[in-house]
Structures are given as C-alpha cells and as structure tokens.
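S.K.: Using only what follows, build the 3D model:
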Amino acid sequence: MAAALTNVESLPATDIATAMAAMGRDAKAAARVLAIAPAEQKNRALSAMAKAIRSGKAAILSANAQDMTDGKAAGITGSFLDRLELNDKRIEAMAEGLDVIRELADPVGKVTESWTRPNGMTIERVRVPLGVVGVIYESRPNVTADAGALTLKAGNAVILRGGSDSYRSSRAIHAALAQGLREANLPEAAISLVPTRDRAAVGMMLEGLNGAIDVIVPRGGKSLVERVQKEARVPVFAHLEGVNHVYVDKAASLDMAKTIVMNAKLRRTGVCGAVETLLVDRAAPAAHLKALVDMLLDAGCEVRGDAAVQKTDARVKPASEADWSTEYLDKIITAGVVDGVDAAIDHIERYGTHHTDAIITADDAAAEKFLNEVDSAIVLHNASTQFADGGEFGFGAEIGIATGKLHARGPVGVEQLTSFKYRVRGTGQIRP
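M.R.: Purely as a prediction, here's the structure:
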C-alpha cells in the first residue's frame, strides 16, 4: 500500500479520496494485528526505528533543510521556524525517545483492577488499544516519530497528517519508521503518513475515513484545533493553546523566581509549555517585580503590563484585554500584579486555557492551595512550565498535551492511548 500512495501530491480530489479510504482500510487491518502483537515484536520494531533514524540522519537533515528554505521564503516567523528546524541534537532526541518508549512496560493486556462478585464471578478491567488513531499536526516533524512510536507501543495503528511546511522532513522520518516495521515483520500500514499536502485529506480524516479512525489528536495552533473540534465526527483528544502562567508569590525566592521565569519564557518560546503571563503578588517585595521585569526586557523579551508593571520600566507596553488570553509563542509576555494566591487562581481561571500553570513560593500552604485549586492539566510548584512535555514526565514522548477532562489529560503517552474492557469469568452463573 505504501508504494501506491507515494505520489498523490497532484491527484484530483476523487483520487485522493480513494487513496485515503484505502489508507483507512489498511490501518484498520493493521490495528487488528497490533492489538495482539507481543511486546517483544513491537519493541524490536522500535529498536530498528531508532537505528534507522540515526543512520538516516543525513537524509532527514537534507529534507529538513529544504523545508526550512521554503518556510523562510513563505515568511514563517522565528518561533515557527524553531519548531520546524531539525539538527543533530533534535534527531538524536527523537531516536532516544524511541529507545525510552521501547523500555516502557507494555500497557496492552494489563489488568488494572479485579474483584469477585458474591455469585462467584470474577471481573477484571484490562487495558486494550484504542484502534486507529488519526494525528493531525503542524510544523514539528518530530511528532512523526513520537506519535508513530507511542501508538505502536500501545497496540494502535496511526494515520499521520503532518503540516505542509514540514512535508519533506516528515516523509524522511516516516521512511525510517517504515523500515523498522518491516524489520519486525509488522504491517507498514501500522504507521501511515498522508502523502499529500492537499487540505482535503484533513477533512476526510475528520469524517473518520468510513469508520476506520477511532480517535483524532490535533497538535498545532488555535485555528487547527478549532477546526478539528468543529468538524470531527470521531472523538477528539483536545489540545488547546497554552496560555500558561507563572505566579510569583510573596514568599518566593527572587533568585529562584528569576531562574524559573527566564527558563519558562525564553528557553524555547515556540513550545506549548512556554509561559505567556507572569503574575506577581502585590505583597511581594517591590524589588521583586522590577527585577523580574528588567530581566525579561534586558533579555530581549517584550513586556506588556498592567499599570503597576508599567511603572517599573518605561519600556513596558500597556497590556490590552486581549493580551491576557493570548498565546504569543514569541518573545512577548503579559505581566500583572495580583492580590495574593486567591487572586492569581481567579485570574488563571478567567484567562487561562487549563494547560500548564506554576507557582513559585516557599509557603507550602500557598503551594498546596494553588496545586489543588488551579484547574489545569499540569500544575507545578517551584518548577518551569517548560516541563510540560511527555519526555520530561518519563513517557519517552507525547502526542500532545490534552486539556480536556475525558479519557486523557496532560501529556498523552502510551497508557493514555489505551482504553479498557471488562473480562468476566464464571462457572455457569445465570442472572435470576
């Protein structure tokens, strides 16, 4: 099937529909194979994939260089170019992620609970694969490897639709994954990459490919996620934008606050875990606010602040109402002063996206209040929001950060890509 789908870039919509329908059928058939594949076979595929990524580094970098050239010509901004770019370190990180996923316990078949009823029947709840996962993502070509490996480990087939800007890079990475599947004697349709930039393919995936796709995972900007949530005819793991906050409490260490805020904002501005809003306790020493604002400004970060923040430095721009709910993904941050932890929690509830929020404080009571009451997928105490990452959670990688409340929340890793069923064993019982 893979060979027949390698050149549909210029096909008319009817032919793309035919190719996509075939991809869905093949993925569904592959999912049945994967659901009962032994852990050893899946791990063998992951090992071969990591090896193929490392040995194919030159080809991957060459493909990425073409994507970068096209991206710059198209006017893609710095933060999005950062997401798109691959280098030796990032390629090795992809391969290492596959190695970590290989070493994880196989979730398929794991009994999570068991009990015996008064009538003697035993009931078990056991993890099972979801089936076929559709992943629609933008810019980051490494998602090709992350999503492919995670779904495989969880016994699922996956259909990947990467962004147009990372088209060549994703194809080069996918070639390494396909090689790993072949070496482990698993169907290549276990990890399929949509072979066209035509957006019609996205619509077909959202419709479910005639029942082939069991769940959709969007990973990208606000417009992509909104389209997926609006048009999808299958369940969606929601990944909303990351309007993330760091709250510096009155009991915070200034040195710690400076270190964490600098990392949370400027380590990589284009990741979903980057902080977008800084909140400082009004009761904190006055020098704290100025020191944090000056640090960001001196590092080249634009600061948009409320009246109190504007007074600290003439370089601060006034924050608009829209700024408080904006995911910049750039060297821009909104900053404001709040009246303690309760006000910080209220602000986050009003303007945040339930993604990732952090408190910096030496007051354990304030920290526990924040951790318990902030309704976000990830909440942190005295740590950078940039830890919002499946790899940093020990998952090896992630498909995305789910911000919804059903099934999966936070980094979507191997266990989150399974569901469960009940196995009931009896000795002839009937219901009276």
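
S.K.: buried residues in the biggest helix by length in the chain?
M.R.: Longest helix in the chain, counting residues (DSSP state H): helix 13-35. Neighbour counts using 16 or more other Cβ atoms under 10 Å place 16-17, 19-20, 22-31, 33-35 of helix 13-35 among the buried residues. Glycine gets a C-beta too; all of them are placed from N, C-alpha and C.

S.K.: Determine how far it lies from the middle of the whole chain.
M.R.: The offset between the C-alpha centroid of helix 13-35 and the centroid of the whole chain comes to 24 Å, using Cα atoms, centre = their mean, to the nearest Å.

S.K.: What helices and strands are in contact with it?
M.R.: Using 3 or more Cβ pairs under 8 Å, 6 or more residues apart in numbering; DSSP states H and E as the contact test, the elements touching helix 13-35 are strand 122-129, strand 132-137, strand 157-161, strand 191-193, helix 200-206.

S.K.: closest one to Asp339 among these?
M.R.: Shortest distance between Asp339 and the helices and strands packed on helix 13-35, using Cβ to Cβ, is found for strand 132-137: 40.1 Å.

S.K.: Other residues contacting that closest one?
M.R.: Counting by Cβ atoms under 8 Å, 6 or more residues apart in numbering, strand 132-137 makes contact with 24, 27-28, 31, 143, 147, 151, 156-163, 202, 205, 209, 212-220, 224, 228, 234, 399, 417, all of which sit outside it.

S.K.: and if you look at stretch 102-112?
M.R.: When contacts are defined by Cβ under 8 Å, 6+ apart, stretch 102-112 is touched by residues 35, 39, 42-43, 46-47, 50, 124-129, 153-155, 395-396, 414-415, 418, 420.

S.K.: now the residues you listed: which count as buried?
M.R.: Neighbour-count burial (16+ other Cβ under 10 Å) applied to the contacts of stretch 102-112 gives 35, 39, 42-43, 46-47, 50, 126-129, 153-155, 395-396, 414-415, 418.

S.K.: can you give me the helices for the stretch 51-200 of the chain?
M.R.: Counting by DSSP state H, counting those that start in this stretch, the stretch 51-200 of the chain forms helices over residues 57-73, 78-84, 88-103, 142-153, 167-183, 200-206, given from the N-terminal end onward.

S.K.: among those helices, which is the most enclosed?
M.R.: Looking across the helices of the stretch 51-200 of the chain with neighbours counted as mean count of other Cβ atoms under 10 Å, the highest average goes to helix 142-153: a mean of 28.

S.K.: Just name whatever secondary elements that helix is in contact with.
M.R.: So helix 142-153, by 3+ Cβ pairs under 8 Å, 6+ apart, packs with helix 39-55, helix 88-103, strand 132-137, strand 157-161, helix 167-183, strand 191-193.

S.K.: list the helices and strands the shortest one packs on?
M.R.: Secondary-structure packing of strand 191-193 (3+ Cβ pairs under 8 Å, 6+ apart): helix 13-35, helix 142-153, strand 157-161, helix 167-183.

S.K.: same thing but 7 Å
M.R.: Contact analysis of strand 191-193 by 3 or more Cβ pairs under 7 Å, 6 or more residues apart in numbering; DSSP states H and E lists helix 142-153, strand 157-161, helix 167-183 as its packing neighbours.

S.K.: Name the residues of the shortest one that are buried.
M.R.: Looking back up the chat, that one is strand 157-161. Ala157, Val158, Ile159, Leu160, Arg161.

S.K.: I'd assumed Ala190 was in contact with the third one.
M.R.: Spelled out, that is Ile159. No - in terms of Cβ atoms under 7 Å, Ile159 does not count as a neighbour of Ala190; the distance is 10.3 Å.

S.K.: tell me the strands in the stretch 151-300 of the chain, going along the chain?
M.R.: Remark: strands of the stretch 151-300 of the chain, listed N- to C-terminal, are 157-161, 191-193, 215-219, 244-248, 275-281; assignment by DSSP state E, counting those that start in this stretch.

S.K.: Can you give me the neighbour number for Ala307?
M.R.: Neighbour count of Ala307, defined by other Cβ atoms under 10 Å: 11.

S.K.: Ala366 too?
M.R.: Ala366: 22 surrounding residues under other Cβ under 10 Å.

S.K.: How much space separates it from Lys290?
M.R.: Distance, Ala366 to Lys290, by Cβ to Cβ, to the nearest Å: 22 Å.

S.K.: sorry, back to before: dump the helices and strands packed on helix 142-153 to TSV, plus distance to Val316 and mean pLDDT.
M.R.: Supplementary listing: those in TSV, determined by distance: least, Cβ to Cβ, whole Å; pLDDT from 0 to 100:
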stretch	distance to Val316	mean pLDDT
helix 39-55	45	98
helix 88-103	34	96
strand 132-137	35	96
strand 157-161	41	97
helix 167-183	38	98
strand 191-193	46	98
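
S.K.: Which one, of the ones you listed, ends up nearest to Ser376?
M.R.: Comparing these against Ser376 with Cβ to Cβ, the closest turns out to be strand 132-137 (22.0 Å).

S.K.: Give me the distance from that closest one to the chain's centre.
M.R.: With Cα atoms, centre = their mean as the basis, the distance from the averaged C-alpha position of strand 132-137 to the chain average is 12 Å.

S.K.: what does stretch 179-188 give?
M.R.: Between the centre of stretch 179-188 and the centre of its host chain there is 25 Å, according to Cα atoms, centre = their mean.

S.K.: Find the nearest non-adjacent residue to Gln310, please.
M.R.: Nearest residue to Gln310 in three dimensions, chain neighbours excluded: Val316, at 4.7 Å (Cβ to Cβ, 6 or more residues apart in numbering).

S.K.: That neighbour contacts Val309, doesn't it?
M.R.: Yes - counting by Cβ under 7 Å, Val316 sits close enough to Val309 to count as a contact (5.5 Å).

S.K.: joint contacts of the two?
M.R.: When contacts are counted by Cβ atoms under 7 Å, 6 or more residues apart in numbering, Val316 and Val309 have Val293, Val303 as shared neighbours.

S.K.: shaky segments in this structure?
M.R.: Regions of the chain meeting the criterion pLDDT under 70 cover residues 1-13.

S.K.: got the contact list for the residue positioned nearest the centre of it?
M.R.: Central residue of the chain (Cα atoms, centre = their mean): Gly400, 1.6 Å from the mean position. Contact partners of Gly400, counting by Cβ under 7 Å, 6+ apart, are Val217, Arg219, Phe237, His239, Val412.

S.K.: cool, Val194 as well?
M.R.: For Val194, the residues meeting the contact criterion (Cβ under 7 Å, 6+ apart) are Ile159, Leu160, Arg161, Ala201.
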